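Provided below are the primary sequence and the corresponding predicted coordinates.
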Amino acid sequence: MTPDHGHEDWARAAFARSRAAYPSSQAPVGRILTAARARRKRRRVAAAVASAACVLGLGLAVPLLKPAPGAVDPARRPSPAASSPLTPTPDTVGVRVAEGTTGRHRWSVALEFHRTLPEGYTPPTLPDGTTAFGTSLLCQRMYIGGVRIDHQGGPWADCQPVTGTRDPQAVGGTGLWGLHDKGLSGSRLMVSTPEADVAYGVVSLSDGTRMKATTATVPGTGYRAWATAVPDGQTITAVDQYDTHHHRLGHDTNWR
């Protein structure tokens, strides 16, 4: 069959006219980016709403988990304090000997017995150059206005080594302690570690005041003490000690 070149030329011309009448446009890049940004924005809003819903749910749940009145909130429970001479360990027993107020300052005296020598404790050196020996430790904790007497000497400055629970070398002493001038001025504490038959002591002052102090004993030991405070400016005229029948066992006028 002979080709009809006239019909083919007509078809090409018709196609060219059609393409000219409806020109093709470029890809809608701008609209595509705008649509993508809109989708991302919708996703962010949805995520924010979901997060807020979770937070709201937790907020509603918290009141249901609050402890009963008087209970300790586990989130606010204080952490255990490290073992120290001011925080006795289970291997330590003690007794509050006496407490009160002098010169508007709170004072207190306690005996603290450590069954074994605490870690970090170094035995003191005696005047003859030897080292004090003991298997246990007895501490005399004294405070005036929240300050521990002898704190400058370290955590064990007010302690002495003892052997067991009834070392006779830790019995029978009396001392006057203070924060100034080695206990010779300011408010002071008089502490006695008497014999077993002493029930109480009486400290007489120059202004006529007589202060009675009862003996307290560390549980399970033979260590005991009585204590009282001497106000600033006062002078001691006598220190007397008595038994449970109020018989005077000692009379000392060598204090001031």
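That came through, no problem. Please read all numbers here as calculations on a predicted model, not as lab measurements. Numbering: from 1, shown residues only.

how about Q169, nearest residue that isn't a chain neighbour?
V162 (7.1 Å; CB to CB, 6 or more residues apart in numbering). Every residue, glycine included, has its C-beta placed from N, CA and C.

distance of that neighbour from L249?
Using CB to CB, to the nearest Å, one obtains 23 Å as the distance from V162 to L249.

and for the residue nearest to Q169, the neighbour number?
24 (other CB atoms under 10 Å).

what residues are bridge-paired with it?
In this structure, V162 bridges to S136 when assessed by DSSP bridges.

what about it, distance to S136?
The spacing between V162 and S136, counted by CB to CB, is 5 Å.

go on, D197?
Separation of D197 from S136 (CB to CB): 23 Å.

neighbour-wise, which of the two wins?
Set side by side, D197 and S136 show more neighbours around S136, with 21 against 13, by other CB under 10 Å.

and that one, what is it in contact with?
113-117, 161-165, 167 (CB atoms under 8 Å, 6 or more residues apart in numbering).

check I149 too.
By CB under 8 Å, 6+ apart, the residues touching I149 are 142-143, 158, 177-179, 189.

can you classify Q169 as helix, strand or coil?
Assigned by DSSP: H, G, I helix; E, B strand; the rest coil, the conformation of Q169 is helix.

buried ones in the helix or strand encompassing A110, by neighbour count?
Using DSSP states H and E, A110 maps to strand 105-114. If you call a residue buried by 16 or more other CB atoms under 10 Å, then strand 105-114 has these buried ones: 105, 107-114.

and what of stretch 144-159?
144, 148-150, 155-156, 158-159.

widest-spaced pair of those residues?
Using CB to CB, the buried residues of stretch 144-159 reach their maximum pairwise distance at I144 and W156, which is 19.2 Å.

helix or strand for G164, which one?
Using DSSP H and E, G164 sits within no helix or strand.

so how far is F113 from it?
10 Å.

quick one: the strands in this protein, in order.
Using DSSP state E, the strands of the chain run over residues 92-102, 105-114, 136-144, 147-148, 159-162, 173-180, 185-193, 200-205, 210-214, 216-217, 224-230, 236-242, 248-252.

any chance you could list what contacts the last one?
What that stands for is strand 248-252. By CB under 8 Å, 6+ apart, the list of residues contacting strand 248-252 reads 174, 195, 197-198, 238-243.

check contacts around the closest residue to D207 other than its chain neighbours.
Sequence neighbours aside, Q234 is the residue nearest to D207 in space, at 6.5 Å (criterion: CB to CB, 6+ apart). Neighbouring residues of Q234 by CB under 8 Å, 6+ apart: 205-207, 209.

R256 too?
235-236.

repeat for T244
Here T244 is in contact with A199 (CB under 8 Å, 6+ apart).

helices and strands of this protein: which one bottoms out on pLDDT?
Scoring the helices and strands of the chain by mean pLDDT, DSSP states H and E places helix 29-65 at the bottom, with a mean of 43.

follow-up on the earlier one: of the strands of the chain, which is nearest G129?
The stretch from the strands of the chain with the least distance to G129 (CB to CB) is strand 159-162; that distance is 16.2 Å.

what's the average pLDDT for the closest one?
The average pLDDT for strand 159-162 rounds to 95.

again with stretch 178-196
Mean predicted lDDT for stretch 178-196 stands at 85.

likewise for stretch 132-150?
Stretch 132-150 shows a mean pLDDT of 94.

and the contacts of the strand holding A110?
By CB under 8 Å, 6+ apart, the residues outside strand 105-114 that reach it are 85, 88-89, 91-101, 136-146, 159, 165, 187, 189, 191, 216, 218, 221, 223-225, 227, 229.

contact partners for the residue nearest to Q169?
V162 touches 134-138, 169-170, 223, counting by CB under 8 Å, 6+ apart.

among those, which ones are buried?
134, 136-138, 170, 223.

if we can go back for a sec, if you rank the contacts of Q234 by neighbours, which is first?
L205 (16 neighbours).

that residue against T235, yeah?
Yes: under the criterion of CB atoms under 8 Å, L205 makes contact with T235 at 6.7 Å.
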